[in-house]
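1. Got a sequence here, can you build the structure:
(one chain, ligands or ions: 2)
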Amino acid sequence: MYGQIVRDGLVNVTGIEDLGLTSPVLQRTSDAFFKEISPFLLHFGMFVPTIIGQCTPEQQAKWLPLAMDLKIIGTYAQTELGHGTFIRGLETTATYDASTEQFILKTPKLSSYKWWAGGLGKTANHCIVLAQLYTKGVCHGPHPFIVQIRDTETHMPLPGIKVGEIGPKLGFNTADNGFLGFEDFRIPRENLMMKNAQVTKDGTYVKVARHGKLTYGTMVFVRVMLVSDMAYCLAKAVTIAVRYSAVRRQSQPKPDQPEPQVLDYLTQQHKLFICISTAHAMKLTSTWLWNTFTGVLADMRDGNTDTLPELHALSSCLKAISTSDTSALIEQCRFACGGHGYMYSSNLPALYSFATATRTYEGDYTVLLLQTARFLVKSWEQMDEGKPLTPTLAYLEQSRNGSQVSWDDSPEGIVRGFDAVAAGRIGACVKSIRKHINNGMDYEDAWQMTTVQLVGAAEAHCRAVICRVYRDETARLTAGCSPGVKAVLDQLSTLYLLYWALERTGDLLRFSSLSERDIENLQARYEALLLKIRPNAVGLVDAFDFRDEVLMSTLGSYDGRVYERLMEEALKTPLNREPVSDSFHKYIKPMMQGKL
Ligand SMILES: CC/C=C\C/C=C\C/C=C\C/C=C\C/C=C\C/C=C\C=C\C(=O)SCCNC(=O)CCNC(=O)[C@H](O)C(C)(C)COP(=O)(O)OP(=O)(O)OC[C@H]1O[C@@H](n2cnc3c(N)ncnc32)[C@H](O)[C@@H]1OP(=O)(O)O
Ligand SMILES: Cc1cc2nc3c(=O)[nH]c(=O)nc-3n(C[C@H](O)[C@H](O)[C@H](O)COP(=O)(O)OP(=O)(O)OC[C@H]3O[C@@H](n4cnc5c(N)ncnc54)[C@H](O)[C@@H]3O)c2cc1C
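-> Ligands and ions are numbered 1, 2, ... in the order given. Just a heads-up that it's a prediction; the model follows:
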């Protein structure tokens, strides 16, 4: 299994090397080689980006050619057995020895072992290690080091290195996630990645970057990428589910009528059409986020880090919500396919196991929403002080006078409704924190007592951002489209707004003038829209344009030969090589004969 995966991975990455890492075609078709994950994902997904983001030009000149030419294979080892979220609590140490101009890496105890890094188990021979940097007896916090862990000729672990695979997981089982421990392992001073902080030969620590969190830049990059990855992942799942739903016929709602396509059931449309809309919403939002990200990088190159906090807040909530929505909607696609959706050959289980992992790695859902909430509360307080708001929080101004937003069920009106919900929920959090403080709590405890509401406020802010970006970008992109295409894409973006308005009626009743009659109207409009979308449903998923080799699904192949493919895959199962398993003779027959 591992050997096959590595072979496929090499075929894939040499393609990337030929056409360039940024080639979306190869980055995307890498999953034509794997149902799960390439063991080289971390090399390209984090090892290379960290060299670019955290190394000086001189260090890049040394390490980047080696990495891009695949002369070294890397990964990113930050998480430990005992710490993942709390980076400041990481236990691996790197202590500078001026007499030899080296850092000594140590794994003080079991909980300090690096744990989880993709490709670490058996594939990588180098890795980025986040370790607490000590020099002259002072700890300067977690810093990135580039560390060779295996001999590049023999692939044997170097002396002082303990490395291995962490074992089977819910998914990602082709990524050989590994563990790593150091026993007084020495690396040259130059292996500290010194773009944001340096240690001179005599051990003097020199802070270079103005912002203390630039070390975390790779995580921001990956979070931004993951939003796009989720759109892609969900688009594959809904392509499978819609095509299967067009083939599958079941039940007899009317006597003497043939069994209908299950896609004709309104409940099936309710399960699936929001998946099509969400894939579009996340793709457009990911492009908007990428443009925001590159803009902040440009500012930072000019020494301006003022826009970094908003980017961190946006990338945190969009990564959390896109991965959470995708996990839930891929499972919904699986539910929509009945028993056959549970077959591994449908590819829905593998898509789900990938998406649900993404809700955790690169920052846990709750933790990242609380990061966003921290920014939202700070922005509210700045608004109270009369300071300007950042662009994505301009809607807070409307809440300044506390008046309730009047409900308007036009698309723009619904977007404004979500702004009002976000503003209201942030304001409620600020009120809760202040109430706890007035009752004698310190700020930290008051914050903790409000965290359930803060997570909700951050989700509401993120939903408002997605709704606005999806609507605005659809309007912009369809301006030049044919009326027919524009009509269908407008239907999808309106469906997204109606779906979430119905999901959040409680909030809209609380923070706008929405009435029960308005809710009835929303429900009627939503159901009518499902019927309008139905004739285009298969065309809409065909437009995602996935080749069968990429979908790798018995249910979702373009030719619709579902039952034939299910049987073909079944017959390939090893258990079907012989008509009678030898377990019959070893165990079942003796049991039947009372001999066990
Ligand atoms: C073959 C392959 C083919 C092609 C591939 C090519 C390309 C693919 C590219 C990408 C693919 C996508 C995915 C694949 C790659 C990887 C996936 C697989 C592996 C997964 C890897 C990992 O999981 S790596 C480990 C990730 N770990 C985390 O994310 C930890 C999360 N924890 C946190 O971030 C912490 O909560 C925290 C650090 C934010 C909080 O800790 P704390 O120190 O307590 O900080 P606070 O006190 O809360 O905040 C302090 C201030 O700092 C600000 N802050 C925090 N974080 C950031 C940041 N990241 N950026 C900027 N600012 C930050 C925070 O806002 C506070 O500021 P204040 O002003 O409010 O004080
Ligand atoms: C498939 C996969 C691949 C991975 N690949 C890598 C990799 O290549 N490199 C790497 O370094 N890491 C990797 N990771 C590790 C990943 O980054 C961590 O699992 C993730 O950051 C979460 O940290 P944790 O596991 O310590 O969970 P914890 O932070 O311990 O979370 C456990 C629970 O505590 C809650 N919690 C934690 N802190 C707070 C808080 N402040 N407030 C409220 N609740 C809180 C969380 O919400 C969660 O419910 C991978 C993980 C997975 C699943």
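
2. Can you tell me which residues in the stretch 351-500 of the chain are near ligand 1?
-> The stretch 351-500 of the chain comes close to ligand 1 at residues 361-363, 367, 371, 374, as judged by C-beta under 6 Å from any ligand atom. To be clear about C-beta, it is placed using only N, CA and C from the backbone, and glycine gets the same treatment.

3. what do you get for the stretch 151-300 of the chain?
-> Counting by C-beta under 6 Å from any ligand atom, the stretch 151-300 of the chain comes close to ligand 1 at 213, 216, 219-220, 222, 225-226, 229.

4. Kindly indicate the member of these with the most neighbours.
-> Greatest neighbour count in these, by other C-beta atoms under 10 Å, goes to residue 226: 26 neighbours.

5. could you list every residue that touches it?
-> The contact partners of residue 226, taken as C-beta atoms under 8 Å, 6 or more residues apart in numbering, are 319, 322-323, 358, 362.

6. ok so, going back, list the ones among the residues of the stretch 151-300 of the chain next to ligand 1 that fall in helices.
-> Among those, the members falling in helices (DSSP state H) are 219-220, 222, 225-226, 229.

7. of these, closest to residue 174?
-> Distances from residue 174 to those, taken as C-beta to C-beta, are shortest for residue 229 (16.5 Å).

8. ok, for the closest one, nearest residue in space, not its chain neighbours?
-> With sequence-adjacent residues excluded and distances taken as C-beta to C-beta, 6 or more residues apart in numbering, residue 229 is closest to residue 358, at 7.2 Å.

9. pretty sure residue 236 is in contact with residue 552, am I right?
-> No: with the criterion set as C-beta atoms under 8 Å, residue 236 and residue 552 do not qualify as a contacting pair; they are 9.1 Å apart.

10. now the residues of the stretch 351-500 of the chain next to ligand 1 in JSON lines, with pLDDT?
-> Conversion of these to JSON lines gives the following (pLDDT from 0 to 100):
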{"residue": "361", "pLDDT": "96"}
{"residue": "362", "pLDDT": "95"}
{"residue": "363", "pLDDT": "96"}
{"residue": "367", "pLDDT": "98"}
{"residue": "371", "pLDDT": "97"}
{"residue": "374", "pLDDT": "98"}
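
11. which two in the contacts of residue 226 are spaced the farthest apart?
-> With C-beta to C-beta as the measure, no two of these lie farther apart than 322 and 362, at 11.4 Å.

12. who's more crowded, these two?
-> Neighbours of residue 322 and residue 362, each counted by other C-beta under 10 Å, are more numerous for residue 322; the result is 30 against 23.

13. could you list every residue that touches residue 117?
-> With C-beta under 8 Å, 6+ apart as the criterion, the residues that contact residue 117 are 42, 75-79, 124, 127, 177-178, 180.

14. Can you tell me which of the residues you listed end up in strands?
-> Using DSSP state E, the members of the contacts of residue 117 that fall in strands are 76-77, 127, 178, 180.

15. Tell me the residues of this protein that contact ligand 2?
-> 42, 76-79, 83-85, 116-118, 172, 177, 357, 360-361, 363-364, 366-367, 370.

16. One more pass at 5 Å, please.
-> Applying C-beta under 5 Å from any ligand atom, we find that the chain lies next to ligand 2 at 76, 78-79, 84-85, 116-118, 172, 357, 360-361, 364, 366.

17. Mind giving me the PyMOL select for those, buried ones only?
-> The PyMOL command for the buried members of those (criterion: 16 or more other C-beta atoms under 10 Å) is given here:
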select buried, resi 76+78+79+84+116+117+118+172+357+361
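
18. okay, now the domains of the protein?
-> What automatic domain parsing lists as the domains of the chain is 2-208, 217-539.

19. For the chain, give me the ranges with low pLDDT.
-> Counting by pLDDT under 70, the chain contains low-confidence residues at 12-36, 210-211, 400-402.

20. Surely residue 98 touches residue 204?
-> No: Residue 98 is beyond contact range of residue 204, at 9.3 Å (criterion: C-beta under 8 Å).

21. Of the two, give the one with the bigger neighbour count.
-> Just comparing residue 98 and residue 204: by other C-beta under 10 Å the higher neighbour count belongs to residue 98, 15 against 12.

22. gap between the closest residue to the more buried one other than its chain neighbours and ligand 1?
-> Excluding the flanking residues, the one nearest residue 98 by C-beta to C-beta, 6+ apart is residue 203, at 4.2 Å. The gap separating residue 203 from ligand 1 is 25 Å, by C-beta to the nearest ligand atom, to the nearest Å.

23. ok, residue 203 touching residue 99?
-> No: proximity of residue 203 to residue 99 does not meet the contact threshold set by C-beta under 8 Å, at 9.6 Å.

24. got the phi/psi numbers for residue 505?
-> phi -60, psi -30 (degrees, to the nearest 10).

25. ok, residue 182 - how many residues close by?
-> 26.

26. Leaving out the residues flanking it, which one is nearest to it?
-> Using C-beta to C-beta, 6+ apart and skipping residues adjacent in sequence, the residue nearest residue 182 is residue 105, 4.0 Å away.

27. ok, residue 284 touching residue 468?
-> No: in this structure residue 284 lies outside contact range of residue 468 using C-beta under 8 Å: 10.9 Å.

28. related to what we said a few turns ago, what would the residues of the chain next to ligand 2 look like in JSON lines with secondary structure?
-> Rendered in JSON lines, the data for the residues of the chain next to ligand 2 read as follows (DSSP: H, G, I helix; E, B strand; the rest coil):
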{"residue": "76", "secondary structure": "strand"}
{"residue": "78", "secondary structure": "coil"}
{"residue": "79", "secondary structure": "coil"}
{"residue": "84", "secondary structure": "coil"}
{"residue": "85", "secondary structure": "coil"}
{"residue": "116", "secondary structure": "coil"}
{"residue": "117", "secondary structure": "coil"}
{"residue": "118", "secondary structure": "coil"}
{"residue": "172", "secondary structure": "coil"}
{"residue": "357", "secondary structure": "helix"}
{"residue": "360", "secondary structure": "coil"}
{"residue": "361", "secondary structure": "coil"}
{"residue": "364", "secondary structure": "coil"}
{"residue": "366", "secondary structure": "helix"}
